[in-house]
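Dropping a prediction and its sequence here:
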Number of protein chains: 2
Amino acid sequence: MKRQKRTTIYDIAQQLNLAASSVSRALSDSNKINAETKALVLKTAAEMNYQQNAMASNLRKGNNPTIGVVVPRINQYFFSNVIAGLEEVTFKAGYNLVICQSNELHAREVEGINALVNQNVSCIVISIAAEKGSFDHLQQVLDRNIQLIQFDRVVEELETFKVLNDNRQAAYEAVQHLIEQGYRRIALLEGPQELQIFRERKEGYIAALQDHGFPVLSELMYANAWTKELGAAATAQLLDMPDPPDAIFASTSDFAALGVLEVANNKGIRIPEALGICGYSNEPFTEITSPSITTIDQFSVEMGRKIGNLHFQELENFNPESKTKTVNVRPELIIRNSSLRKSHVP
Amino acid sequence: MKRQKRTTIYDIAQQLNLAASSVSRALSDSNKINAETKALVLKTAAEMNYQQNAMASNLRKGNNPTIGVVVPRINQYFFSNVIAGLEEVTFKAGYNLVICQSNELHAREVEGINALVNQNVSCIVISIAAEKGSFDHLQQVLDRNIQLIQFDRVVEELETFKVLNDNRQAAYEAVQHLIEQGYRRIALLEGPQELQIFRERKEGYIAALQDHGFPVLSELMYANAWTKELGAAATAQLLDMPDPPDAIFASTSDFAALGVLEVANNKGIRIPEALGICGYSNEPFTEITSPSITTIDQFSVEMGRKIGNLHFQELENFNPESKTKTVNVRPELIIRNSSLRKSHVP
DNA sequence: ATATTTTAGGCAATCGATTGCAATTAGCAA
DNA sequence: TTGCTAATTGCAATCGATTGCCTAAAATAT
């Protein structure tokens, strides 16, 4: 089956005994064209099954209304939600969305970025891979004056737009909530401190304790517990302490919180009475566990929308002149049974 | 900040006192170019920070190495996995991946398809929206000789490549497993029978019962139970029967199975002893519930890969001459505690 | 009726890379 | 040395749409 030639504006022009430029003007709704002619062209174009060749148009206009996205994994809950939100906005604006996944590999990320640069996309949105490497590829994007928007996992030293969760604030609120529920020895499961997001969460934890007159105890802070297994191991150790914690804030992820939950359940420790638990991310499963897990929703879909709006300069409250090109998305504490030991009586 | 002109092959040609055509040949690794010249061009191109303009190249070559995807929702577990698998293959082939979501709306789907046609993509991959509508937009894709690959939710009457789960087989195996575990009255939660996938699952259920000499009882088949809530409601009714089922196959989704689980738990019915449960999809949460839920893995990532390979004509066991352009992905039964009442002793 | 402004539409260059064909040079055989 | 092939490279057209500039006709003003 051979591909038959598609209809071009020249075909339409010939059909109507017009110049191609007039057809183009009619189709692009220019005001330099007679209304009747325009209608005629539109009608003929429809009849001839005309579809614009976007490549030709983009080449001539020198821009490609496309946003490129590079994320570690497309099929991770958080990322797929961000992409969904972003797609919503870009589609409305008539933009395309091209997607690459880095699989957490630096080399793959570089390749993806290059492909997007070749495409001459108008914006690249990225959450960087875990694997360390140089930032030349990102710098190159900036040098070519393609807009670069980083989100969630960002390279701090690069001067780009950044869309972030207010991790500090979220952690603060979580710990505050635990304090209000009467927990007195609140432990923290920390993530790798190389990553800014985990440092910020720790800051929020410490600030909340201090603001409420609680001591900050290093024995209650457990490093690098960011998977279910590590969370479980950490919990086993913490609960074996002479003076064990009465709450655990798994600031790394809901998976760590799940590990906490399972260990506590196995030990017959009652949740939330004897142990309060709070996770991070609002993964779908947190609603389903027994008891359900208190966690922090990152509004990932909303985050995607904000990224898109940022590109289209439509983000409310955003001052393009501002030095700090950072947009914060305010996460929300979702209180569930794993931390709710006081019933809410008004 | 104004966008400085990017380096073109003409810039390189001028720099080296060559013709642009020679630069093009050098860059595309043509054999009609001297090795030394080629090396020189490559070196200079790198120095001048050259990146090919893909739009110009695609326009001239008349094709766009891009695959477009239209799915109901990007952030649905199944779809995001398919996309991830597809991206893997397309990236390896040097293709781009453009993504649209229909949000289950027909009009949105049409718009998305049109955008992809404009882009002159070489292949469109689609899982159709739930909202019914005409198939003109898909027919148009075929008329333009753009390859169309449907997956999961397909329009049967269109003659296109189709990548499907073997739903019948999967359901058969699930029911067979329940029978082997000694369940005798196995109920079915059905999905909307307009959709082929649900019809096939029902067929598998019936066939398994018949093959093992069990009666097919209409009172054990419950229509349209494809959310958690509907699954719960169905379960409540089924368990109130004078002679209730001792197993429920939630063929619609794991969410429905979750509804079953919750109702049974609330009623104090022991799982798997008094009631066996099997879901469909292998959602991540099925591993976490108590008890964990037996379900069917659809190999969604693998499905995405197969779609990609199909486009690149590399799919093993695929005969391009065959009339039936359908590729089946074999799902796998994942046996967990919700249906395992016999321990496996060899 | 003449001058001036608008309006409509055509011409041709352009975006950047590719490619068929022609031209030049080198390589080699007779 | 002449003739012929092969290897390189250049020239120019091309992909399809857009747009600055120009012209002709129509509309309006004087």
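Everything's here; your move.

correct me, but residue A:154 touches residue A:167?
No. Counting by C-beta atoms under 8 Å, residue A:154 stays clear of residue A:167, with 11.9 Å between them. Any C-beta I mention is one placed from the backbone N, CA and C, and that applies to glycine too.

So which of the two has more stuff around it?
Higher neighbour count among residue A:154 and residue A:167: residue A:167, with 24 against 21, using other C-beta atoms under 10 Å in any protein chain shown.

check contacts around the residue of the stretch 151-300 of chain A found nearest DNA strand C.
Nearest residue of the stretch 151-300 of chain A to DNA strand C: residue A:160, at 24.1 Å (C-beta to the nearest atom of the strand). For residue A:160, the contact set (C-beta atoms under 8 Å, 6 or more residues apart in numbering or on different chains) comprises A:138, A:142, A:148-150, A:154, A:325.

And the pLDDT at it?
pLDDT for residue A:160: 91.

And it, its phi and psi?
Torsion angles at residue A:160 (phi, psi; degrees, to the nearest 10) stand at phi -140, psi 170.

For the contacts of residue A:160, give me CSV that also has secondary structure and pLDDT.
Listed next are these as CSV, based on DSSP: H, G, I helix; E, B strand; the rest coil; pLDDT from 0 to 100:
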residue, secondary structure, pLDDT
A:138, helix, 95
A:142, helix, 90
A:148, strand, 93
A:149, strand, 95
A:150, strand, 95
A:154, coil, 90
A:325, coil, 79
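
and residue A:100, helix, strand or coil?
Look at residue A:100: counting by DSSP: H, G, I helix; E, B strand; the rest coil, its state is strand.

Also residue A:224?
coil.

My guess is it contacts residue A:233. True?
No. Using C-beta under 8 Å as the test, residue A:224 is too far from residue A:233 to be in contact (10.3 Å).

Need the nearest residue in space to residue A:164, chain neighbours excluded.
residue A:328 (5.7 Å; C-beta to C-beta, 6 or more residues apart in numbering or on different chains).

Which helix or which strand is home to the residue nearest the centre of chain A?
In chain A, the C-alpha nearest the mean C-alpha coordinate belongs to residue A:82, at 4.3 Å (C-alpha atoms, centre = their mean). Using DSSP states H and E, the element containing residue A:82 is helix A:77-92.

Does anything pack onto that helix? Which helices or strands?
strand A:64-71, strand A:96-101, helix A:300-311, strand B:96-101, helix B:106-118 (3 or more C-beta pairs under 8 Å, 6 or more residues apart in numbering or on different chains; DSSP states H and E).

Can you say which of the ones you listed is nearest to residue A:199?
Each of these has some distance to residue A:199 by C-beta to C-beta; the shortest is helix A:300-311, at 19.6 Å.

is the closest one anywhere near chain B?
Yes. Using C-beta under 8 Å from any C-beta of the partner chain, helix A:300-311 reaches chain B at residue A:301.

can you check stretch A:51-69 too?
Yes. Stretch A:51-69 is in contact with chain B by C-beta under 8 Å from any C-beta, via A:51-56, A:58-59, A:64, A:66.

where does chain A dip in pLDDT?
By pLDDT under 70, the weakly predicted segments of chain A are A:1-4, A:314-324, A:343-346.

domain assignment for it?
Here the domain assignment for chain A is A:9-53, A:63-159, A:167-299+A:331-339, based on automatic domain parsing.

So for residue B:198, which of the ones you listed sits nearest?
Comparing those by their distance to residue B:198 (C-beta to C-beta), the top pick is domain A:167-299+A:331-339, with 22.8 Å.

Quick check: end-to-end length of the closest one?
20 Å (C-alpha to C-alpha, to the nearest Å).

Next, see if it gets close to chain B.
Yes. Using C-beta under 8 Å from any C-beta, domain A:167-299+A:331-339 reaches chain B at A:258, A:284-285, A:288-290.

repeat for stretch A:148-156
No. Using C-beta under 8 Å from any C-beta, stretch A:148-156 stays clear of chain B, coming no nearer than 12.5 Å.

which residues touch residue A:289?
Per C-beta under 8 Å, 6+ apart, neighbours of residue A:289: A:258, A:261, A:338, B:288-289.

run the last query once more with 7 Å
A:258, A:261, B:288 (C-beta atoms under 7 Å, 6 or more residues apart in numbering or on different chains).

can you list those residues in JSON lines and add distance to DNA strand C and secondary structure?
Output for the contacts of residue A:289, formatted as JSON lines (distance: C-beta to the nearest atom of the strand, whole Å; DSSP: H, G, I helix; E, B strand; the rest coil):
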{"residue": "A:258", "distance to DNA strand C": "51", "secondary structure": "helix"}
{"residue": "A:261", "distance to DNA strand C": "56", "secondary structure": "helix"}
{"residue": "B:288", "distance to DNA strand C": "50", "secondary structure": "coil"}
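
Quick check: helices, which of the residues of stretch A:51-69 next to chain B are part of them?
The members of those that map onto helices under DSSP state H are A:54-56, A:58-59.

Got phi/psi on residue A:333?
phi -80, psi 130.

And for residue A:297?
Dihedral pair for residue A:297: phi -90, psi 130, per degrees, to the nearest 10.

What backbone torsions are found at the residue nearest to residue A:164?
Per-residue torsions, residue A:328: phi -100, psi 140 (degrees, to the nearest 10).

ok so, going back, tell me, which of the ones in helices among the residues of stretch A:51-69 next to chain B make contact with DNA strand D?
Filtering these for proximity to DNA strand D by C-beta under 7 Å from any atom of the strand leaves A:56, A:59.

between the ones in helices among the residues of stretch A:51-69 next to chain B, which is nearest DNA strand D?
Checking these against DNA strand D by C-beta to the nearest atom of the strand gives residue A:56 as the nearest, at 3.3 Å.

Not counting sequence-adjacent ones, nearest residue to the closest one?
residue B:59 (5.3 Å).

One more: residue A:23?
Closest residue to residue A:23 apart from its sequence neighbours, by C-beta to C-beta, 6+ apart: residue A:9 at 4.3 Å.

re the thing from before, which of the contacts of residue A:289 ranks first by neighbour count?
residue A:261 (30 neighbours).

Surely that residue is in contact with residue A:277?
Yes. Between residue A:261 and residue A:277 a contact is recorded at 6.0 Å, counting by C-beta atoms under 7 Å.

Mutual contacts of these two, please.
By C-beta under 7 Å, 6+ apart, the residues touching both residue A:261 and residue A:277 are A:271, A:293, A:338.

Let me know how buried the last one is, in neighbour terms.
Just to be clear, that refers to residue A:338. Counted by other C-beta under 10 Å, the residues lying close to residue A:338 total 27.

how about it, what does it touch?
Going by C-beta under 7 Å, 6+ apart, residue A:338 touches A:261, A:271-272, A:276-277, A:291-294.

between the residues you listed, which has the most around it?
Ranking the contacts of residue A:338 using other C-beta under 10 Å puts residue A:261 first, with 30 neighbours.

mind checking how far that one is from residue A:336?
Per C-beta to C-beta, to the nearest Å, residue A:261 is found 11 Å from residue A:336.

Common neighbours of the two, please.
Any residue near both residue A:261 and residue A:336 by C-beta under 7 Å, 6+ apart counts here, and that gives residue A:293.

contacting residues for the nearest residue to residue A:116 once chain neighbours are set aside?
In space, and not counting its chain neighbours, residue A:116 is closest to residue A:68: 3.6 Å by C-beta to C-beta, 6+ apart. Residue A:68 sits next to A:98, A:116, A:119, A:121, A:124-125 when contact means C-beta under 7 Å, 6+ apart.

which one of the residues you listed sits closest to DNA strand C?
Distance to DNA strand C across these (C-beta to the nearest atom of the strand) is lowest for residue A:119, with 12.0 Å.

re the thing from before, can you give me the buried ones in the helix holding residue A:82?
A:77-91 (16 or more other C-beta atoms under 10 Å in any protein chain shown).
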